[in-house]
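Colleague: Fold the stuff below for me.
(2 chains)
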There are 2 protein chains.
Amino acid sequence: MKLREQHKTFGGFTEFWTHNSDVCNAPMNFAVFRPPQAAEGPVPILYYLSGLTCSEENFIIKAGAQRLAAELGLFLVVNDTSPRNVIAGEDDSDHLGSGAGYYIDATESPWASHYQMYSYVTEELPALIHANFPVDSSRESIMGHSMGGHGALTVYLKNQDRYKSVSAMAPISAPTLRYDDGGGFPSYLGKDKSTWGDYDAHLLVQKHGSKLPILFCQGADDELIQFLMPEKFVEAAKAVNVEIDYRLRQGYGHNYFYVQSFIEEHLRWHAKALLA
Amino acid sequence: MKLREQHKTFGGFTEFWTHNSDVCNAPMNFAVFRPPQAAEGPVPILYYLSGLTCSEENFIIKAGAQRLAAELGLFLVVNDTSPRNVIAGEDDSDHLGSGAGYYIDATESPWASHYQMYSYVTEELPALIHANFPVDSSRESIMGHSMGGHGALTVYLKNQDRYKSVSAMAPISAPTLRYDDGGGFPSYLGKDKSTWGDYDAHLLVQKHGSKLPILFCQGADDELIQFLMPEKFVEAAKAVNVEIDYRLRQGYGHNYFYVQSFIEEHLRWHAKALLA
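Modeller: I've put the predicted structure just below:
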């Protein structure tokens, strides 16, 4: 495990790390923010899952989250969204390959040999964080944006005992209904859609319900809203009596100007659960 | 004048514009943040001058300033740091050409035909802002980072009646003392250093003094501190009884993690003067 960069930020440290991932069979990058409180003892963890095309840098550079994490005493963990430089042609599409892991364990060739992002963010990365940083592994929460919102919701819904809180910003909510493309789904999982449901937030909430209330935020002017289908998740959640706090934001788009505008609401949502 | 992008941010709008500059004889880009208060009437202006290699995007994406500008009702203006794609070889060095205008009116060929960044940020851009946006031109302040800190200090010191407040983050303070290179100075102004003093903050404060107190912030672990020479400006200011609020920040570097950590102090410093 190698520390590539460390930058003092709001009294804590923004750090960029690289390690050799067993499940992805490749080097993987991640960023953390070590809040000032971590110098005194273990602090709770908030995992942030990023969207398509993002590396571990986008959120940690653009969202303004360190200010709040420093105030609240949260340890931020931001994974890269895929392995990189491992499969020929992986950069050819924004919707497949590098920057587009979709938080799926791929079963199809050539992706299956490296694209195991579900196992990576649920098992390998948390174990690494618990073992190497001043964190309290009994207090973990998860959130994400866009493809990472899909990741946060699907990961949480299948591991409900593990997280203290969950939230999503403009998540991909119903990938099985995007018959025309489905992002990387057909390439990672095959064309038989029966396997896709295990990574579809609106189907998973229908199947498992939710023990926790879910904060779900969406820009009303998001240029990708037809692709994201937030209403499918909200309807499915309500149909099984899941408590969903749906915040539709008039005038906001999909980018990090939207994310930075509402990151405070999300971090305070998580802090309320993590510091209770 | 063309609006390239507009993104709702903290209730206001982050905007990216392009216009044809007369003084630079080239298209120039700039960004603004239009705070929510601008919908009700003219608001004061804060000019932010960026550092080497930066375009109009870096600060507006990375600094987290919109949150504060929205709270305080400040109109942010962020210029690009040079014309682009106008002179052959302009991208060859980080210290000269594109991204490195140094807020100088170049007198030497080939730069003089396009690199008129002092006139641009003191005359053309403000006139454009006053004419086209809901701003109060009688209330203007200026700040900058690194090369832009040099810009903010030199521009202010030569135009003291114009600005309500001034601040600098890790500014280049004494370019005439950097005999080994001087950044783009010899290329823009010629090798005769007698002309450089007009763009050297530590000489200008010696010469003109300052009507206003100056907020001057510096990361103690800044990897460029030997090049920036903050002590030269602080000594020169004190020698002529200028009120300087020098804030040396232990552990901080030169980058936008440092800028975002202290941007709040700067915006509140300016708001105190602009909203008085």
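
Colleague: In terms of pLDDT, where does the closest residue to chain B within the stretch 101-250 of chain A sit?
Modeller: Using CB to the nearest CB, the point where the stretch 101-250 of chain A gets nearest to chain B is A:Asp221, with a distance of 7.3 Å. In this view, the C-beta of every residue, glycine as well, is placed from N, C-alpha and C. Listed pLDDT for A:Asp221 reads 98.

Colleague: In contact with it: list those residues for me.
Modeller: Contacts for A:Asp221 were tallied using CB atoms under 8 Å, 6 or more residues apart in numbering or on different chains; they are A:Gln250, A:Gly251, A:Tyr252, A:Gly253, B:Lys8.

Colleague: show me the contacts for the first one.
Modeller: By that I understand A:Gln250. Shown in contact with A:Gln250 (CB under 8 Å, 6+ apart): A:Ala220, A:Asp221.

Colleague: what about it, distance to B:Lys191?
Modeller: 58 Å (CB to CB, to the nearest Å).

Colleague: Same check on the third one?
Modeller: Using CB to CB, we find A:Tyr252 at a distance of 52 Å from B:Lys191.

Colleague: Do you have the helices of the stretch 1-150 of chain A handy? List them.
Modeller: Under the criterion DSSP state H, counting those that start in this stretch, helices of the stretch 1-150 of chain A are mapped to A:57-62, A:65-72, A:117-119, A:125-132, A:147-158.

Colleague: same question for the shortest one, mean pLDDT?
Modeller: What that stands for is helix A:117-119. pLDDT averaged over helix A:117-119 gives 98.

Colleague: can you check the second one too?
Modeller: Per-residue pLDDT values across helix A:65-72 average out to 98.

Colleague: do the same with stretch A:133-142
Modeller: 98.

Colleague: So A:Gln160 sits against A:Lys207, correct?
Modeller: No. Look at A:Gln160 against A:Lys207 with CB atoms under 8 Å: they stay out of range, at 11.8 Å.

Colleague: quick one, phi/psi of the nearest residue to A:Gly97 once chain neighbours are set aside?
Modeller: Leaving aside its sequence neighbours, A:Gly97 sits nearest to A:Glu90 (CB to CB, 6 or more residues apart in numbering or on different chains; 3.3 Å). With angles defined as degrees, to the nearest 10, A:Glu90 shows backbone torsions of phi -60, psi -20.

Colleague: List the contacts of the residue nearest the centre of chain A.
Modeller: In chain A, the residue lying closest to the centroid (CA atoms, centre = their mean) is A:Leu49, at 2.0 Å. Under the criterion of CB under 8 Å, 6+ apart, the contact list for A:Leu49 reads A:79, A:81, A:103, A:121, A:142-145, A:147-149, A:151-152, A:155.

Colleague: With neighbour count as new columns, can those be given to me in TSV?
Modeller: Written out in TSV, the entries for these read as follows (neighbours: other CB atoms under 10 Å in any protein chain shown):
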residue	neighbour count
A:Asn79	26
A:Thr81	28
A:Tyr103	24
A:Val121	25
A:Ile142	27
A:Met143	29
A:Gly144	32
A:His145	31
A:Met147	28
A:Gly148	33
A:Gly149	28
A:Gly151	34
A:Ala152	28
A:Val155	25
